[in-house]
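Enquirer: here is my input; please provide its structure:
(chains A and B)
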Number of protein chains: 2
Amino acid sequence: MSRRLYVHLLPTLFEPADLRGCVAVVIDLLRASTTIIQALAAGATAVVACQEVDEARRTAAKLGGSGPVLLGGERGGVQIEGFDLGNSPLEYTPDRVAGRTIVFTTTNGTRALRRCAAADTARVGALTNRRAVLDWLAGEERPVHLVCAGTNGRITAEDCLCAGAFARELTDVARSHTLANDDAQNAADLFRANSATTASLLAAMRNSRGGRNLTALGYGADIEAAARRDLFEIVPEYDPRSGRIVAAER
Amino acid sequence: MSRRLYVHLLPTLFEPADLRGCVAVVIDLLRASTTIIQALAAGATAVVACQEVDEARRTAAKLGGSGPVLLGGERGGVQIEGFDLGNSPLEYTPDRVAGRTIVFTTTNGTRALRRCAAADTARVGALTNRRAVLDWLAGEERPVHLVCAGTNGRITAEDCLCAGAFARELTDVARSHTLANDDAQNAADLFRANSATTASLLAAMRNSRGGRNLTALGYGADIEAAARRDLFEIVPEYDPRSGRIVAAER
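Expert: Numbers count the residues shown, from 1 in each chain, chains lettered A, B, ... in the order given. Predicted coordinates:
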């Protein structure tokens, strides 16, 4: 009996209650998902997701000022004034973040995570933890929802491609799941159309709205970092009550 | 100087004001677009798009009772009680509809048309009038928005495929337009992934949410009818004030 896999090309394309009894994977490939995974892989204690800049500042103050807490995130792709870190995964090195709590604000990724509050479990997926996500889902009996964050309410190709990479593997290769909605079919087809080679996938990511924006801002190296597959074994888990994302055991 | 082509995988994924000064093509491949084109090609005087069943009945009564006016449309894929016609293109033959005004109600297609009220021109596209749409757009200098109707707020693969067929031709083949958003890139990629042969395109349409639903209802032949390309020369034009759709000259 195969299990059902849903894809949502935007967080607004499902009702929050639809996720009850399900597991969710939030994908904001360029760059929040990739950066959160990097931060935890580099030894950060937790990433606390905040929607607004002010909320992030208040949360950081509450959690202990500038001690073990760092402020990270972006607006318009650029590091926020007074913050310790931006949203480039390459900044989140062990010497910067190990043992630290990162209070992190990114509009699209946080909104997507919060929209998954009703799920039994909400985790963070990207290409850098692709295999770990697939291994986790292989042992899951509950319906799976892959949630693309998009950008300001618009569908972004890079998130669709990443969802498609998961969907393709679980349905075509492992055959453990079935595509349960048209978005899932679309994402799998998109990945198929763009993944003939590693170079073609990278080209599609560069050509996406998010990719073009990052290139224009001088963050082209982040696209390459986000296109690397299976670097990390962790599948970060989000707690909707506290907003904390930690490197849960699989 | 190439012109900009946008795709919207749902009518809610753009702001109505974004269409000012632009032209729009509304795509509800299974089946409203295909049926409207068929009705006008079969000689219907006009199709009057109504959102609600009651609105359709009132409009038909106002336009002249059961004389030259016919009521058409569906709910849940099935002909509405008391209506003359359903939403199967195969029903709209010249002997049924020539010289008649069709008052037509279909939730998704009508909603999509109304959302395009701010466009300079809103027309109806499908595979059956694909070449005619492309010929029209080839002479258009204004930005083009291809609007997929979807089903009850969900993205449907068949509408994406049809938008992709247009997008592919205008950007890859004619090179007259550039893909202006990620939905446009996604739709073009989807079409590329599914259009190796006529059979593969038909298979993707059958496998979509709309296709599976029609097959279950016994309307499998409608999918084949909707998959036929370049049958008709007309590009129906929608008047947002009157709700009338007529077979405008190109």
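Enquirer: which secondary structure state does residue A:7 sit in?
Expert: The three-state label given to residue A:7 by DSSP: H, G, I helix; E, B strand; the rest coil is strand.
Enquirer: would you confirm that it contacts residue A:167?
Expert: Yes - the pair residue A:7 and residue A:167 qualifies as a contact (C-beta atoms under 8 Å) at a distance of 5.9 Å. The C-beta positions use only the backbone N, C-alpha and C, and glycine is treated the same way.
Enquirer: most centrally placed residue in chain A?
Expert: residue A:33 (2.7 Å; C-alpha atoms, centre = their mean).
Enquirer: what pLDDT does it get?
Expert: What the model reports as pLDDT for residue A:33 is 98.
Enquirer: contacting residues around it?
Expert: A:26, A:27, A:109, A:124, A:125, A:126, A:149, A:162 (C-beta atoms under 8 Å, 6 or more residues apart in numbering or on different chains).
Enquirer: same question for residue A:98.
Expert: Contacts of residue A:98 (C-beta under 8 Å, 6+ apart): A:42, A:43, A:44.
Enquirer: if we can go back for a sec, now for residue A:7 and residue A:167: what residues contact both?
Expert: A:146, A:179, A:184, A:187.
Enquirer: neighbours of the spatially closest residue to residue A:2 that is not a sequence neighbour, how many?
Expert: Nearest non-adjacent residue to residue A:2, counting by C-beta to C-beta, 6 or more residues apart in numbering or on different chains: residue A:178, 4.7 Å away. Residue A:178 has 13 neighbours, counted by other C-beta atoms under 10 Å in any protein chain shown.
Enquirer: element containing residue A:178?
Expert: strand A:177-179 (DSSP states H and E).
Enquirer: quick one: the next helix or strand after that strand to helix B:182-194, angle?
Expert: Per DSSP H and E, the first helix or strand lying C-terminal to strand A:177-179 is helix A:182-194. Between helix A:182-194 and helix B:182-194, the angle comes out at 70 degrees (axes from the mean of the first three to the mean of the last three C-alpha atoms, to 10 degrees).
Enquirer: other SSEs contacting helix A:182-194?
Expert: Where contact means 3 or more C-beta pairs under 8 Å, 6 or more residues apart in numbering or on different chains; DSSP states H and E, helix A:182-194 is packed against strand A:3-8, strand A:144-148, helix A:157-168, helix A:198-207, helix B:157-168, helix B:182-194, helix B:198-207.
Enquirer: how about a cut-off of 6 Å?
Expert: Applying 3 or more C-beta pairs under 6 Å, 6 or more residues apart in numbering or on different chains; DSSP states H and E, we find helix A:182-194 packed against strand A:3-8, helix A:157-168, helix A:198-207, helix B:157-168, helix B:182-194.
Enquirer: can you put these in TSV and add distance to residue A:141 and mean pLDDT?
Expert: Output for the helices and strands packed on helix A:182-194, formatted as TSV (distance: least, C-beta to C-beta, whole Å; pLDDT from 0 to 100):
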stretch	distance to residue A:141	mean pLDDT
strand A:3-8	6	96
helix A:157-168	17	96
helix A:198-207	30	94
helix B:157-168	27	96
helix B:182-194	30	94
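Enquirer: to residue A:241, which of these lies closest?
Expert: Residue A:241 sits nearest to strand A:3-8 of all the helices and strands packed on helix A:182-194, at 22.6 Å, using C-beta to C-beta.
Enquirer: so what strands line up beside the helix or strand following the closest one?
Expert: Downstream of strand A:3-8, the first helix or strand assigned by DSSP H and E is strand A:23-27. Partners of strand A:23-27 in the sheet, by DSSP bridges, are strand A:121-125 (parallel), strand A:144-148 (parallel).
Enquirer: and the helix or strand that comes right after strand A:23-27, how far out from the chain middle?
Expert: Next along the chain after strand A:23-27, taking DSSP H and E as the criterion, comes helix A:32-41. The chain centre lies 8 Å from the centre of helix A:32-41; the measure is C-alpha atoms, centre = their mean, to the nearest Å.
Enquirer: partner strands of the very next helix or strand once past helix A:32-41 and their direction?
Expert: From helix A:32-41 onward toward the C-terminus, using DSSP H and E, the following helix or strand is strand A:46-50. Sheet neighbours of strand A:46-50, with direction, are listed as strand A:101-105 (parallel), strand A:244-246 (antiparallel) (DSSP bridges).
Enquirer: need the winner for burial among those strands.
Expert: Most buried of the strands paired with strand A:46-50, by mean neighbour count (mean count of other C-beta atoms under 10 Å in any protein chain shown): strand A:101-105, with a mean of 27.
Enquirer: other residues contacting it?
Expert: A:39, A:44-50, A:53, A:56, A:59-60, A:69-73 (C-beta atoms under 6 Å, 6 or more residues apart in numbering or on different chains).
Enquirer: before we move on, what about stretch A:71-82?
Expert: Contacts of stretch A:71-82 (C-beta under 6 Å, 6+ apart): A:53, A:60, A:83-87, A:102-106, A:213, A:217.
Enquirer: just to revisit the earlier point, same list, the strands paired with strand A:46-50, but as a markdown table with mean pLDDT please.
Expert: Formatted as a markdown table, these follow (pLDDT from 0 to 100):
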| stretch | mean pLDDT |
| --- | --- |
| strand A:101-105 | 96 |
| strand A:244-246 | 97 |
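Enquirer: dump those to JSON lines, plus distance to residue A:141.
Expert: Below are those laid out as JSON lines (distance: least, C-beta to C-beta, whole Å):
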{"stretch": "strand A:101-105", "distance to residue A:141": "31"}
{"stretch": "strand A:244-246", "distance to residue A:141": "23"}
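Enquirer: returning to what we had before: now, the most widely separated pair of the shared contacts of residue A:7 and residue A:167?
Expert: Counting by C-beta to C-beta, the most remote pair of the shared contacts of residue A:7 and residue A:167 is A:146 and A:179, 10.7 Å apart.
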